[in-house]
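3D, please:
(2 chains)
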Amino acid sequence: MIKVTNLVKSYKRKTVLNISELTIHDGEIFGLVGNNGAGKTTLLRLMLDLISPDRGSVTSEIHVVARSEKWKDYTASYLDESFLINYLTPEEFFGFIAEEYGLAPELTEARLAGFSEFFNGEVLGQKKKFIRDFSRGNRQKIGIASALVTEPRVLILDEPFNGLDPSSQIVLKRILSDFNRANGTLMVISSHDLNHITEICTRIAIIEKGVIIRDIQNDGNAMAELASYFSLRKESM
Amino acid sequence: MKEAGTYLYSHIWKSFIRNERWRRNLITRLLYALVGLNFIFIFLTLGLDVSSTIAGEGREASGKFHEWIVWYLLADYLVRCIIQPVPSLDVVPYLRFRIRRSKLAGNIIIRSLFSLFNFLPLFLILPFVIKVTAPFEGIQAALLFLGGSFLLVIMNNILALMTGMLTRINPLNWLIPIGIATAFFIFDRMGGSVGDISRSLGMALTEGRPLAYFIPAVLITAAVILINRLLHQYLRVDRGSSVSSYRTHRNAFTGRLARFGDTGRYMSLEMAMILRNKRPRNAMFFVLFFIVYAFIFFLAYDEQERYINMLFTTMFLGLGAMSYGQLLFSWESTYFDGVMARKNDFLNYVRAKYYLQAILTLITFIPIAVLSYISGRISVLLTTALMIYLLGPNSCLTMLLATLNDGKVDLEASTFMNYQGVKGSQFIMTFFFVIIPIAICELTSLVAGETGGIIVLATLGILFVIFHKWWLKNIIVATFMKRKYKLLEGYRKLSA
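Got it, this is the predicted structure:
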């Protein structure tokens, strides 16, 4: 469970995030949608203790993320390319992550084998090709797989579909859904793609100017509600 | 609407004045200004001294100066080939605009003209022209010589730019500058006189002989045409990565140190970072260069004062550790969000950095100890004590200051003349780095003799080495954690 309490973040006296309360339960796939600058990445960074809140806190299970590092044992994330060590080969990078999380090499190999369709033969076994030399889409795949390979209880992804080709987007949706079903993983996923988010998320929040203005249980009608909200907003601009 | 190409030049200026560097605090900016003024003062004094000295030679003075022109040009060309950045990547963002490649090539050449190397010779040439050429040869000759010298400097700039591009396309092209330098040395050794050719060139420039201007002009034109062709052929957005992978494939990350547990694993990662990325790799190359200089200092220079010997020994011993240590965390600025968001053993991670710093000091210690023994300029015991001190309190100081540095470092950028990530605090650190151990040793020596100084230095070092886990945890990691958010924010900036 992730619990956000009275969380406020400002830059140069401008409040960019203000969430009084938000609880994400175990097993939920929580989608975060909003326009550019709405505060999605800021919220994810606060959940990962990468920026400090001006007020309030994020609690992961029983740990306040800014005060303890225990939550890192069961949390994995991929926000952007600053999560990749780009002078390593993908194998070295996965190996490094596996060691950090205490995974045996055989287990890591077996788990990576599960990504073969996602990697499409373009990521592993590329003979000393460093991550920086891969295409943007393949770097994105490496980043997402590096988070999933640890089989975390909490997974945080920022715009995971960005840069992926249509086939890989479909495969990724299936991987995330299967993973959630199999492990009961709590997932927080931000995206601009309403179709993808409504297909995989069990709950979706709309964030605007740092405030969560709608919190929708996705019972099949979320797409209509989201589409109506964003089209109305466009007309009012 | 303006054509996009017209913005190119204003962007050069904007990228300069909007650099994050100028947004630092007042003290840092003042420090930059002072360092800059100091450099100008040193070079101006040097130029005036040289000119005043040779002016005493009367009509022979011009010849004395002229005979060094070709050697200067050769040295300048070679140093530029190694140091001067090739600004071709700066124009990559403009490739998608409606700008002709020839215009981009022109922009690259203009960017290169702002190199410090084009201004340095002014400090020698201007005083010479004013003090020697004008009084002895007349105003017209002085102006002709000045114009010709500018032409030669520009020629060197363009030729070095061309060579820089060729070497980046294929490292085998390094044979060009090496071949040119070898040819000059062989010519001089085999009875030819570069000095005589140089004198003739200086004379020809002063007398305004057209050939002396024509040849550099032809070379400039030919180089500009070649640069244009190279850019047409090679200026693509993917070129940077293909060149870098060619270079880095040879150094494989094997993780051999992983058998030493988490610390060893982090050390392997750190070594891969150094070996596989241009900037840290070149920084280490610089250390080798300074060790060569140490040979010259110990074996070729005359006997120096004791404190000068100590000063240089400390610098030679500590340079490797300092080059690496001053950017200890900034090296990883491009992927530090990932490091901090993942599960990690931060104490072991910092320990790995300390051990690597210590290994660098130990590696530099071997040649320096041998040199101090052979030259007898400084006792091996004192050199050893200085080394131990560097492993202890100085490593702690370096690492502590690194936790204050929120500058971002682009690992694939050129090292030379690149101060990205280096803050004013680092300049101050360099000062304390060498002054404190010397002061401790000298002050103790006053009371307890030289042996007393050595014992105090070594004892302090040993204490810090023995208790390194304590200060790493309670000083370095604790300070880092306190400043974590500020550091991460700095690392996320696009430029630093």
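
Skipping its backbone neighbours, what lies nearest A:Asp73 in space?
Computed as C-beta to C-beta, 6 or more residues apart in numbering or on different chains, the closest residue to A:Asp73 that is not its neighbour in sequence is B:Lys343, at 5.6 Å. Where C-beta positions appear, they are placed from N, C-alpha and C, glycine not excepted.

Measure how buried the closest residue to chain A within chain B is and give me the count.
Nearest to chain A in chain B, going by C-beta to the nearest C-beta, is B:Gly338, at a distance of 3.4 Å. Residues lying near B:Gly338 (other C-beta atoms under 10 Å in any protein chain shown) number 26.

Regarding the residue nearest to A:Asp73, what is its secondary structure?
Following DSSP: H, G, I helix; E, B strand; the rest coil, B:Lys343 is assigned to coil.

Tell me which helix or strand the residue of chain B closest to chain A sits in.
helix B:336-341 (DSSP states H and E).

Which secondary structure elements does that helix sit against?
Counting contacts by 3 or more C-beta pairs under 8 Å, 6 or more residues apart in numbering or on different chains; DSSP states H and E, helix B:336-341 is packed against helix B:478-492.

pretty sure B:Ala160 contacts B:Ile82?
No: at 9.4 Å, B:Ala160 does not count as touching B:Ile82 under the criterion of C-beta atoms under 8 Å.

Please say which of these two ends up with more neighbours.
B:Ala160 (25 against 15).

Skipping adjacent residues, who's closest to that one in space?
Of all residues not flanking B:Ala160 in the chain, B:Arg80 sits nearest, at 3.5 Å (C-beta to C-beta, 6+ apart).

how about the one you found, what does it touch?
Applying C-beta atoms under 8 Å, 6 or more residues apart in numbering or on different chains, we find B:Arg80 in contact with B:115, B:117, B:156-157, B:160, B:164.

Would you convert the residues you listed into CSV that also reports distance to B:His11?
Below are the contacts of B:Arg80 laid out as CSV (distance: C-beta to C-beta, whole Å):
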residue, distance to B:His11
B:Ser115, 18
B:Phe117, 23
B:Asn156, 26
B:Asn157, 21
B:Ala160, 23
B:Gly164, 21
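
Those residues, buried ones only, as a ChimeraX selection?
Command for ChimeraX that selects the buried part of those, burial taken from 16 or more other C-beta atoms under 10 Å in any protein chain shown:
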select /B:115,117,156,157,160,164
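
Among the contacts of B:Arg80, which ones are in helices?
B:156-157, B:160, B:164 (DSSP state H).

Turn those into CSV, including pLDDT.
Shown next, in CSV, are the ones in helices among the contacts of B:Arg80 (pLDDT from 0 to 100):
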residue, pLDDT
B:Asn156, 91
B:Asn157, 92
B:Ala160, 91
B:Gly164, 85
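
Out of those, which two are the most distant from each other?
Using C-beta to C-beta, the ones in helices among the contacts of B:Arg80 reach their maximum pairwise distance at B:Asn156 and B:Gly164, which is 12.0 Å.

what does chain A put close to chain B?
Proximity of chain A to chain B, by C-beta under 8 Å from any C-beta of the partner chain, involves residues A:45, A:48-52, A:69, A:72-73, A:75-77, A:79-89, A:92, A:95-97, A:99-101, A:128-130, A:132-133.

If any of those are buried, give me the ChimeraX selection for them.
One line in ChimeraX is enough to select the buried ones among these; burial here means 16+ other C-beta under 10 Å:
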select /A:45,48,49,50,51,72,75,76,77,79,80,81,82,83,84,85,86,87,88,89,92,95,96,97,99,100,101,129,130,132,133
